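Undergrad: From the sequence below, what's the structure:
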Amino acid sequence: QVQLVESGGGLVQAGGSLRLSCVASGSILSLNTMAWYRQAAGKKRELVAAITGGGGTDYADSVEGRFTISRGNAKNSVNLLMNSLKPEDTAVYYCNADGVVGVIGGDVHRYLEVWGQGTLVTVSS
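TA: Next up, the predicted model:
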């Protein structure tokens with residue numbers, strides 16, 4: 001089974017920093033873009049940052065210059081370094097991967113996208 005496992009959420013004061021990590025587990029042959037989304041209470045899920053297989057990045061305007069997405073040292077992993085956090089950054093953060101090709105029980109499975117379970121980030125004022 002292909003899964004995305006997130007870690008690193010928590011409570012931080014405004015102006016502080018947090019680092020989120022996400023690792024794709026399972027027998028994965030390849031994947032394309034990895035990204036972080038977030039969903040605040042009562043709001044739609046929104047893209048925070050994405051990184052392609054070639055290393056190209058994209059950020060939401062609201063986090064540009066404060067957040068940095070990068071591929072992790074582990075294969076098929078991604079990190080999100082969040083600096084200068086604001087109360088409005090409070091949300092559940094979800095890891096996402098698209099174009100995932102994995103092997104389960106000897107069979108090749110292709111997934112348009114896979115989501116993590118989410119990790120809560122709370123920024124206090």
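
Undergrad: Leu112 versus the residue lying farthest from the centre of the chain, what's the distance?
TA: Centroid-distance maximum for the chain: Gly106 at 28.0 Å, with Cα atoms, centre = their mean. Plainly put, Gly106 is 22 Å away from Leu112 if you go by Cβ to Cβ, to the nearest Å. From N, CA and C alone the C-beta is placed, and that goes for glycine too.

Undergrad: Quick check: nearest residue in space to Ser27, chain neighbours excluded?
TA: Val103 (4.3 Å; Cβ to Cβ, 6 or more residues apart in numbering).

Undergrad: and the helix or strand where that neighbour lies, what other elements does it pack with?
TA: If you go by DSSP states H and E, Val103 is part of strand 91-104. Judged by 3 or more Cβ pairs under 8 Å, 6 or more residues apart in numbering; DSSP states H and E, strand 91-104 is in contact with strand 3-7, strand 18-25, strand 28-30, strand 34-39, strand 107-115, strand 119-124.

Undergrad: What is the lowest-mean-pLDDT helix or strand in the chain packed up against?
TA: Taking mean pLDDT, DSSP states H and E as the measure, strand 28-30 is the helix or strand of the chain with the lowest mean score, a mean of 88. In this structure, strand 28-30 makes packing contacts with strand 91-104, judged by 3+ Cβ pairs under 8 Å, 6+ apart.

Undergrad: I am finished for the moment; much appreciated.
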